[in-house]
Structures are given as C-alpha cells and as structure tokens.
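Asker: prediction below, plus the sequence it came from.
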Amino acid sequence: MTVAATTVDSISGRRRRRRLGLLRHSLVLARRSLAKTSRNPGAVINGVITPAIFLVLFLYLFGGSVAGSTRDYLQYLFPGILVMGASLAGMLSTGVGIAVDMKKGVFDRFRSLPIGRTAPLLGSLLADMVRYLLGVAILFGLAYLLGFRVQTGLLSALGAVALAITFGFCLSWSTVLLAATLRDESAVLAFSFIAFLPLQLGTSLAAPTDTLPGWLRTWAEVNPVTHVIDASRALLTGTPMEGSLALSLTWSAVLLVTFCPLAALAYGRRQ
C-alpha cells in the first residue's frame, strides 16, 4: 500500500510539474511575442483599424435607416463591432503570425529547447489575448467619442469584454490548426478571410435577424457569432439576454475542445 501510494504521488507530482512547466514556458514565449509586436505593431494596428472602419462605415451608412439616428444605432452596433474586433484578431492575426514563424524556422528552434510541445502555440495565443485587450480598449475609446454609452454597469461591461476575448481566443485555435497544417501565411490568410466574412457579417451585427431574408436569417440564428454579439449587447445595453450567454459559452467550449487538440496534433506531426 505504501509503495503504491508513493507511486501515485510521484506520478501526480510529475504531471503537476509538467503542467506548471508548460504554463511557465508559454508565458516566456508570450513575452517574446509581445516584444516582437512592440518592434512591429502592424498586426495590432490592423486588428484595431479594420473594426474601427467597419464601425464608422456602418454607423453612417445604416444608422438613419435601421435605427432612425446614428446615436441610437451606435448603441446597437458597437457590441457587434467589439466581438468582431476580438474575432478578427483571433482569425487573421494569430494564424498568420504562427504561419510566418513556422515558415522562418522559429518553431524548429523551439523544438530543440526543453519546453512543452505546445508551449509555442499557447504562448502565441496568450500574447494575442494581451493584444485583444489593447484593441478593445482603443475601440471603446473611439465608440465613446462617437457617443456610445454603457447602459448597464462596470461589471457587465467587463463581462462583455471578457466574453468577446474568450470567444476570440477559442476561435483562434481554428486558424492555429490552419497554420500548423498549411505553414503558409498567404494560404492561412485566404482561408481565414473567406471564413471571416460569413461568420461576422451573417449575424445580428448590423441589423436584427428578423429583418433578414429567410436563408440568411436561418444562417444567422445558428451562427455562434450571433449568440456572442447578442450576449455582449445585453451586457452592454441591457437588452434581453434570452439564453445567448449560455449559448456563447457553449460554443466557445466546443470550439476550444474541437480545434485545440487538432491543432496540437497537426503541430506535433509536422515537427
């Protein structure tokens, strides 16, 4: 009994040390990625500028026809742009950045180090979460200047931000899988952008789903991004939640559980 208990404790200790080592290595590599961003902030700028352009264009193109005024429409539109910003960073910046590092042989050098196998992937994603936060802060600042106001409270607003970033993090594993499989930034960008358009625009982003034509409404109502947008809108403006938060968290978990192991497996096979 004593020997068996000692063996179990030893195995448990080794597993705990491996998990802690993976986290420590991932944080170190995340710091490296952030340092690289400080010297080349193009990805952050692109992740902020694109949603900002959508915000301004949609606001002044559709504000009068959809909501009667740009100020009222901004209250409806901004939560969707918030989710778009996190998803855009996750779908485009993450996969492209990893593909570039793989193509340059950076990940081959990581392989020679005594670190966890998936630490480079996780480190890149953790760094992206910091970039998401920066992008979200800038989007909030722009929206505030245009007239957006949170109608609920600080905790609800933080919850909306956390939900958008969590979903963006989980969605980004799909492009990590693409990067590990294709290892070409142009191909990753092309596939990601093709998926980005229907995922982001075929939603309740610009107009309520009940105003959409039948085929598009059907897609929007099953689209996970719609649920995240509706939940963020409820947290920021106080509209009815109607189960969108639970669906958003469920979809985030499904994306993570599906694409994270596949990405790690694809990355391991290509080493």
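Answerer: Sure, I can see it.
Asker: distance-wise, check the nearest residue in space to A119 that is not next to it in sequence relative to R269.
Answerer: In this structure, A119 finds its nearest non-sequential neighbour in H25, 3.9 Å apart by CB to CB, 6 or more residues apart in numbering. Backbone N, C-alpha and C define where each C-beta goes, glycine included. Using CB to CB, to the nearest Å, one gets 21 Å for the distance from H25 to R269.
Asker: neighbours of A127, how many?
Answerer: 23 (other CB atoms under 10 Å).
Asker: what about the host helix or strand of V254, distance to the chain center?
Answerer: Remark: V254 resides in helix 244-270, with elements defined by DSSP states H and E. Relative to its parent chain, helix 244-270 has a centroid offset of 12 Å by CA atoms, centre = their mean, to the nearest Å.
Asker: is the nearest residue to G80 once chain neighbours are set aside in a helix, a strand, or coil?
Answerer: In this structure, G80 finds its nearest non-sequential neighbour in L205, 3.7 Å apart by CB to CB, 6+ apart. Following DSSP: H, G, I helix; E, B strand; the rest coil, L205 is assigned to coil.
Asker: OK, contacts around L205?
Answerer: L205 sits next to 58, 77, 80-81, 83-84, 225, 229 when contact means CB atoms under 8 Å, 6 or more residues apart in numbering.
Asker: what about the nearest residue to L29 once chain neighbours are set aside, neighbour count?
Answerer: Nearest residue to L29, sequence neighbours excluded (CB to CB, 6+ apart): G123, at 2.8 Å. The number of residues packed near G123 is 25, by other CB under 10 Å.
Asker: same thing with H25?
Answerer: H25, neighbours per other CB under 10 Å, totals 21.
Asker: average pLDDT for the helix or strand harbouring it?
Answerer: If you go by DSSP H and E, H25 is part of helix 2-39. Averaging pLDDT along helix 2-39 gives 60.
Asker: please apply the same query to stretch 133-150.
Answerer: 89.
Asker: T118 touches A264, doesn't it?
Answerer: Yes. Between T118 and A264 there is a contact under CB atoms under 8 Å: 4.8 Å.
Asker: re earlier: check the offset of the following helix or strand past the helix holding H25 from the chain's centre.
Answerer: Note on helix 2-39: by DSSP H and E, the next helix or strand toward the C-terminus is helix 42-67. In terms of CA atoms, centre = their mean, the centre of helix 42-67 is set 18 Å apart from its chain centre.
Asker: quick check: next helix or strand after helix 42-67?
Answerer: Taking DSSP H and E, what comes next after helix 42-67 is helix 70-88.
Asker: just how off-centre is the helix or strand that that next one is followed by within its chain?
Answerer: Where DSSP H and E defines the elements, the next helix or strand beyond helix 70-88 is helix 95-104. Distance of helix 95-104 from its chain centroid, counting by CA atoms, centre = their mean, is 18 Å.
Asker: how about low-confidence regions in this structure?
Answerer: 1-22, 33-34, 36-47, 89-92, 106-108, 110-117, 270-271 (pLDDT under 70).
Asker: spatially central residue in it, please.
Answerer: Relative to the mean C-alpha position of the chain, the nearest C-alpha, by CA atoms, centre = their mean, is the one of G168, at 1.4 Å.
Asker: for the stretch of helix or strand that one belongs to, packing partners?
Answerer: Under the criterion of DSSP H and E, G168 resides in helix 154-182. Judged by 3 or more CB pairs under 8 Å, 6 or more residues apart in numbering; DSSP states H and E, the packing partners of helix 154-182 are helix 70-88, helix 95-104, helix 119-146, helix 185-201, helix 224-237, helix 244-270.
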